[in-house]
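[1] please find the sequence and the predicted model below.
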Amino acid sequence: MSAGVKTEVEIEAGRQRLRLWVTSGPGLVWIMIFLLIPSAVLLGIAFFSSNDYGSPVLPLSVQSFQQVAGYSLLGWDPGNIIIFLRSLKQAGIATLVSAALSYPLVFFILSRPESVRPLLLLFIVLPSWTNQVVRTYAWMELLGPNAPVSWVAHLLHAVPPDLGLAPGSFAVTTGLAYNYLPYMIVPLYASAEKLDWTLVEAGRDLYASGARLFWHTVFPQTLPGLLSGVIFVAIPAFGDYVVPQLLGGDKALMIGSQIANQFTETPDWPYGAALTIIMLVFTGMGLVGFRILTRKLGGAEEATI
C-alpha cells in the first residue's frame, strides 16, 4: 500500500516538474539566447586586443578594462567615471520625477468610477506603444530653440538666446521620465488599488492630515508598487541610448551612448564590450542591493526581482 502511495506521489511530483518546465522553459530559453549567450560573447571580446580598425584580435589582454578605468598611454582620465556618475544621476532624477508624477495620477484614476479606470490606464500606456525614436523626436521639437518652452526659459535666463533646452541634461531627464512614466504608474496603481482605506480614516481620526497622513498611512501600503516601479524605471533609464543620443548629444553623454559609439562611430569593440560588462556588473550589484533593501522595508512580496 505504501509503495503504491509513494508511486502516486512520485507521479504527481513528476507532473509538477513537467508543468514547471513547460511554463518556465520558453522564458529560460529566451534569457539564455538573448542575454546569457550575448553577455558571454561580449565578455570574451573584452579580453581581446584591438587592431587599427577597432576589431578584436589576439593576443588576449586586459587593456580594455584599463581603458574603462581611465588608464591609457597618456595617463589617467576620469571621463568614464564622469559618464557613469552622470548616467546614475540622470536615471535617479528621472526615477524621482516619475514617482512624483505617478502618485497624483494614480489617485486621480482611483477617484474615478471603476468602469472608467481601465480606459484611463490605457491612455497612459498607449503612448509607449509607439516607437521610442518618434516620441523622442517629438520632444526635440518641443524643447528646441523656437519652441514655447524654450522661449519661457529664455525669459527666465535659464538658457542663452537662440538656444533651446535641447540638447542638454534637462531635455534628457524630461525624455527619460516621459518614456518610462507608465512603468512607474502601472505597479504603483496595482498597490494603491489594494489600499486599506480604514487605516487612512484612522489617521484622520487621530487628526493627521496632509503630508503626515500620506507618509504614515498611504506610503507604507504603496511601497511594494513603488519599489517595483523604481526597478522598471531606473534600470532601463541608466543604460538608455535613444533619449541621451537625441536629446543630450555631446552635452549629456551617458553610458548607453558611450557603448554604442565604440561599435559605430569610433570602433573599438573590446573597449565597448568591456564597458558593457562593467555596466552589467553595476546593474547586477544594484539589483542585489535593491532586493536586500526591499526585504528590509517589507516590500519583498510584490517588489520581487
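    Here it is on my side, so go on. Numbers count the residues shown, from 1 in each chain.

[2] tell me what the helix ranked longest in the chain is packed against?
    Ranked by number of residues, the top helix in the chain under DSSP state H is helix 79-110. Counting contacts by 3 or more CB pairs under 8 Å, 6 or more residues apart in numbering; DSSP states H and E, helix 79-110 packs against helix 63-69, helix 117-125, helix 169-192, helix 219-238, helix 255-263. Using the backbone N, CA and C atoms, a C-beta is placed for each residue, glycine as well.

[3] try it again at 6 Å.
    Secondary-structure packing of helix 79-110 (3 or more CB pairs under 6 Å, 6 or more residues apart in numbering; DSSP states H and E): helix 169-192, helix 219-238, helix 255-263.

[4] test my guess that Gln67 contacts Tyr271.
    Yes - taking contacts as CB atoms under 6 Å, Gln67 lies within contact range of Tyr271: 5.2 Å.

[5] more neighbours: those two, which one.
    More crowded of Gln67 and Tyr271, by other CB atoms under 10 Å: Tyr271, with 27 against 19.

[6] rewinding a little: need the winner for burial among the helices and strands packed on helix 79-110.
    helix 169-192 (a mean of 23; mean count of other CB atoms under 10 Å).

[7] how far out from the middle of the chain is the helix or strand just after that one?
    For helix 169-192, the following helix or strand on the C-terminal side (DSSP states H and E) is helix 197-205. Relative to the mean C-alpha coordinate of its chain, helix 197-205 is positioned 34 Å out (CA atoms, centre = their mean, to the nearest Å).

[8] and helix 197-205, what's buried?
    Buried residues in helix 197-205, counting neighbours by 16 or more other CB atoms under 10 Å, are found at Val200, Gly203.

[9] ok, residues contacting that helix?
    Among residues not part of helix 197-205, those counted as contacts by CB atoms under 6 Å, 6 or more residues apart in numbering are Leu213, Thr217.

[10] may I have it as PDB, with CA atoms only?
    Extracted in PDB, the C-alpha atoms of helix 197-205 (Å, rounded to 0.1, in the frame of the first residue of the first chain):
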ATOM      1  CA  TRP A 197      -8.800  53.000   3.500                       C
ATOM      2  CA  THR A 198      -9.700  52.200   7.100                       C
ATOM      3  CA  LEU A 199      -6.100  53.000   8.000                       C
ATOM      4  CA  VAL A 200      -6.400  56.300   6.300                       C
ATOM      5  CA  GLU A 201      -9.700  57.000   8.100                       C
ATOM      6  CA  ALA A 202      -7.900  56.100  11.400                       C
ATOM      7  CA  GLY A 203      -5.200  58.600  10.600                       C
ATOM      8  CA  ARG A 204      -7.800  61.300  10.100                       C
ATOM      9  CA  ASP A 205      -9.500  60.400  13.300                       C
END
